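S.K.: Build the 3D model from these lines:
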Amino acid sequence: MYVTVDVFTFTDIENLSFSPAVDLTGTSIPINEFTVDIHTDAQLSLGEIAELYDDQDNLWAHYWIISVTQIGPDMIQIRAQSDVALLDRYTLPASYYSAVSVKDVLDRVMQIESDGLYVDWPYTLHSSLTNATVTGFCPEQTARERLLWVCFTIGGYVKAAFNDRLEILPLDGTAALVPLSNTYMRPSVKDGDNVTAVVVKSYAFTLGEPSTMDEWVTDGTDTWIVTEQTNTLTNTNAPPGTLENVVTIEGVYLVNSANVSSIMTFLAQWYFNTARIEADVIDNATYIPGDKVMIYADEQHIKAGFVTGASFAFGLQAKARLSISGATGSNPQDPTNPDVATGGLVILYTWDAFTLDRKEYALPVGYSYNIINLFIDIEMNAHRYIFRPENAAATGNIVAGGSTDEEPCAVALDLHEGVLMIVSVDEATQDSQTVEQETIYIGVIA
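M.R.: Sure thing, here's the model as predicted:
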C-alpha cells in the first residue's frame, strides 16, 4: 500500500487504518476515513487530497486531509475523510419538490457554496436511478441530511470508498461467493431481536392556509398543509410468541404514497432478516461495503447478505473483518428465509480406472465453478509418480442434489530406483551446452 499527496508518493508508511462502511437501511451516511503514519519530512497541509492505493495501483480512498500531526522525527500522522464530511459543513434551505428529477435535486445538494460562489462537486448517479423523481418537502438541513433523505426514498446508498468521488448506487442483488479457502473459520453468526412489523409514515402536501389544528411546513414563502398516513408491513414469519417489536420511520417528508411500498419492502429485508455475520477473509478490495456476498458459516452451510463494513488489516495480502447484515438463514422457523441452497460437488482425479484423489465441495446451486486442477504427487508400487491433469481447471455448474466431475490425469514424471523418467509434459524445450568437450542435453520442463 502507498499514499499520494499532491506531487508526493509515500511508500514508507506504518499503522494504516481503514474501515469503510455503508448504511443500507437509510438511517445515516457514514463518514469514511483513513489514518496512516508516514516517514517523511515533507510539509503537508490541511485540505489537501490524500489518496490510498494498493500495490497494483488500485485506488482505495480519495479523501481530504483533516489533520496532520508530528509524532516523531521525520514521522507524521495524517487523518483523511471522505467528501461526506464536506457535505456536513453547509446548510441547504427548505425546499418543496414536485416530481423533480433526482439528478436536479442531487446537483443542488452537491453544489457547495464558498464565499458566495458555488462549486459543482463531482458525483456519480447510477444509470438505473436517473429516472427517479423526488416529491415532498425538505426542511432546512445539511447537504448530508438532504442526500440521506433522497437516497432513502429512491432506494440508493452512498459509496464513499474505492472511488475518486461519491457514488449513488442501487443495491445489487447479485451475490459473489467468498471461497471457503479465503475464509478464516469460523465466522460469527448472531441473531438480533426479531422485528414484528415495520411502520412507515407517508406524507402529502396541500398549498394553503393552515388552521390551528393542521400540521404545516413552510419554505419561508409558501406554506403547505401536511397530511400523514401510517403504513404497516407485518412480519408474518416472526417466531410464535415473539414480543411486539416495531420499527417506525417517520418525519421523512419525501416519503409519499407512490414510494412507501417499495421503501417498506426494502426495509423488511434488513429488519426481518435478523442474522448479523462477522467474518475474517482475505480481501484485496474484492468484497467491499455495499456488495452482496455468499459466505460459509461452516463447511456445509452458506449464508447471503450485504457487506455493511470492512475493517482492513494489511500485509502481503489484505485481510478484512466483514460485517454482513440482512443475512438469509437468520430464522430457522422461517421457511421463506433458508440458507443458500447448496449442491455437493465431487471431483475425482483418475488415471485409467484408478482414482488418484478425491475433492469434495459444497457450493451454491447454479454457481459456475472453475477450480484449478493441481498436479498430484503419489507413491505406489515402489514408484513415485507426478500426475498432471489433462484439463487446467474443473469447470461446470452446480445442480441441486450434487454432481461428480471426473478429471482424467496422465503420468508426467516417474521416479523409480533413483531414475527419473519424463513421461509427458505440456511443453518442452531442448537446450545444449558443452562440458569438458562433451555435449549434454538438458530437458527443460515447462
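S.K.: from here on, contacts and neighbour counts on C-alpha atoms
M.R.: Fine.
S.K.: so how far is residue 40 from residue 14?
M.R.: The spacing between residue 14 and residue 40, counted by CA to CA, to the nearest Å, is 12 Å.
S.K.: wait, I meant residue 303
M.R.: As judged by CA to CA, residue 303 and residue 40 stand 45 Å apart.
S.K.: of these two, who's got more company?
M.R.: Applying other CA atoms under 10 Å to residue 303 and residue 40 shows that residue 303 carries more neighbours, namely 25 against 16.
S.K.: Contacts only, for the more buried one.
M.R.: Residue 303 makes contact with 294-297, 327-329, 339-340, according to CA atoms under 8 Å, 6 or more residues apart in numbering.
S.K.: try residue 1
M.R.: Applying CA under 8 Å, 6+ apart, the residues near residue 1 are 11, 52-55.
S.K.: Out of these, which end up buried?
M.R.: 52-54 (16 or more other CA atoms under 10 Å).
S.K.: returning to what we had before: with pLDDT added, can I get the contacts of residue 1 in JSON lines?
M.R.: Shown next, in JSON lines, are the contacts of residue 1 (pLDDT from 0 to 100):
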{"residue": "11", "pLDDT": "96"}
{"residue": "52", "pLDDT": "98"}
{"residue": "53", "pLDDT": "97"}
{"residue": "54", "pLDDT": "94"}
{"residue": "55", "pLDDT": "92"}
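S.K.: Which single one of those is nearest to residue 149?
M.R.: Residue 149 has its nearest neighbour among the contacts of residue 1 in residue 52, at 29.6 Å by CA to CA.
S.K.: Pretty sure that closest one sits against residue 64.
M.R.: No - at 11.3 Å, residue 52 and residue 64 do not qualify as touching, with contact defined as CA atoms under 8 Å.
S.K.: So which of the contacts of residue 303 sits lowest on pLDDT?
M.R.: Within the set of the contacts of residue 303, pLDDT is lowest for residue 329 (56).
S.K.: now residue 201, which residues is it bridged with?
M.R.: Taking DSSP bridges as the rule, residue 201 bridges to residue 230.
S.K.: right, I mislabeled it, should have said residue 378
M.R.: residue 385.
S.K.: ok, it to residue 349 distance?
M.R.: Noted for residue 378: a distance of 12 Å to residue 349, by CA to CA.
S.K.: ok, the nearest residue to residue 155 once chain neighbours are set aside to residue 410 distance?
M.R.: The spatially closest residue to residue 155, leaving aside those adjacent along the chain, is residue 170, at 6.2 Å (CA to CA, 6 or more residues apart in numbering). With the distance defined as CA to CA, residue 170 ends up 49 Å from residue 410.
S.K.: Closest one of the buried ones among the contacts of residue 1 to residue 315?
M.R.: Of the buried ones among the contacts of residue 1, the one sitting nearest to residue 315 (CA to CA) turns out to be residue 54, at 10.9 Å.
S.K.: Please report the distance of the closest residue to that closest one other than its chain neighbours from residue 19.
M.R.: Among residues not flanking residue 54 along the chain, residue 1 sits closest, at 4.2 Å (CA to CA, 6+ apart). Look at residue 1 and residue 19: by CA to CA, they are 15 Å apart.
S.K.: next one: residue 3
M.R.: As judged by CA to CA, residue 3 and residue 19 stand 16 Å apart.
S.K.: Counting neighbours, go ahead and name the busier of those two.
M.R.: Ranked by neighbour count (other CA under 10 Å), residue 3 and residue 19 place residue 3 first, with 21 against 18.
S.K.: who touches that one in this structure?
M.R.: 9-11, 50-53.
S.K.: Present those residues as a markdown table; the columns should include distance to residue 367 and secondary structure.
M.R.: Below are the contacts of residue 3 laid out as a markdown table (distance: CA to CA, whole Å; DSSP: H, G, I helix; E, B strand; the rest coil):
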| residue | distance to residue 367 | secondary structure |
| --- | --- | --- |
| 9 | 42 | strand |
| 10 | 41 | strand |
| 11 | 40 | coil |
| 50 | 39 | strand |
| 51 | 36 | strand |
| 52 | 34 | strand |
| 53 | 32 | strand |
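S.K.: closest to residue 268 among those?
M.R.: The shortest approach to residue 268 among the contacts of residue 3 belongs to residue 52, at 35.8 Å (CA to CA).
S.K.: Beta-bridge partners for that closest one, please?
M.R.: Beta-bridge partners, per DSSP bridges, of residue 52: residue 3, residue 61.
S.K.: quick one: which two of the contacts of residue 3 are the most distant?
M.R.: Greatest spacing in the contacts of residue 3, by CA to CA: 11 and 50 (13.1 Å).
S.K.: In the stretch 301-446 of the chain, where is pLDDT below threshold?
M.R.: Applying pLDDT under 70 to the stretch 301-446 of the chain picks out residues 329-338, 425-446.
S.K.: Quickly list the domain ranges of the protein.
M.R.: Split into domains by automatic domain parsing, the chain comes to 2-83, 175-192+274-327, 197-271, 342-421.
S.K.: Out of those, which gets nearest to residue 133?
M.R.: domain 197-271 (10.1 Å).
S.K.: for that closest one, how far is the first residue from the last?
M.R.: Start-to-end, domain 197-271 (CA to CA) is 9 Å.
S.K.: same deal with stretch 127-145?
M.R.: 23 Å.
S.K.: go on, stretch 165-179?
M.R.: Across stretch 165-179, first to last residue, CA to CA, it's 30 Å.
S.K.: Helices along the stretch 201-350 of the chain, start to end?
M.R.: All helices of the stretch 201-350 of the chain, identified by DSSP state H, counting those that start in this stretch, fall at 260-271.
S.K.: Which stretches in it count as strands?
M.R.: All strands of the stretch 201-350 of the chain, identified by DSSP state E, counting those that start in this stretch, fall at 215-218, 223-234, 246-249, 275-282, 292-296, 302-313, 319-327, 342-351.
S.K.: quick one: strands adjacent to the third one?
M.R.: Same thing as strand 246-249. Strands that pair with strand 246-249, judged by DSSP bridges, come out as strand 197-207 (parallel).
S.K.: quick one, phi psi at residue 182?
M.R.: phi -100, psi 10 (degrees, to the nearest 10).
S.K.: wait, what's in contact with it?
M.R.: By CA under 8 Å, 6+ apart, the neighbours of residue 182 are 281-282.
S.K.: quick one: it from residue 364, how far?
M.R.: Distance of residue 182 to residue 364, given as CA to CA: 16 Å.
S.K.: again with residue 246
M.R.: Using CA to CA, residue 246 is found at 33 Å from residue 364.
S.K.: go on, residue 287?
M.R.: Here residue 287 is placed at a distance of 18 Å from residue 364 (CA to CA).
S.K.: swap in residue 370?
M.R.: 13 Å.
S.K.: And for residue 253?
M.R.: 41 Å.
S.K.: Next: residue 358.
M.R.: From residue 358 to residue 364 the distance is 20 Å (CA to CA).
S.K.: quick one: which of these two has more around it?
M.R.: The residue with more neighbours, out of residue 358 and residue 364, is residue 364; 23 against 11, by other CA under 10 Å.
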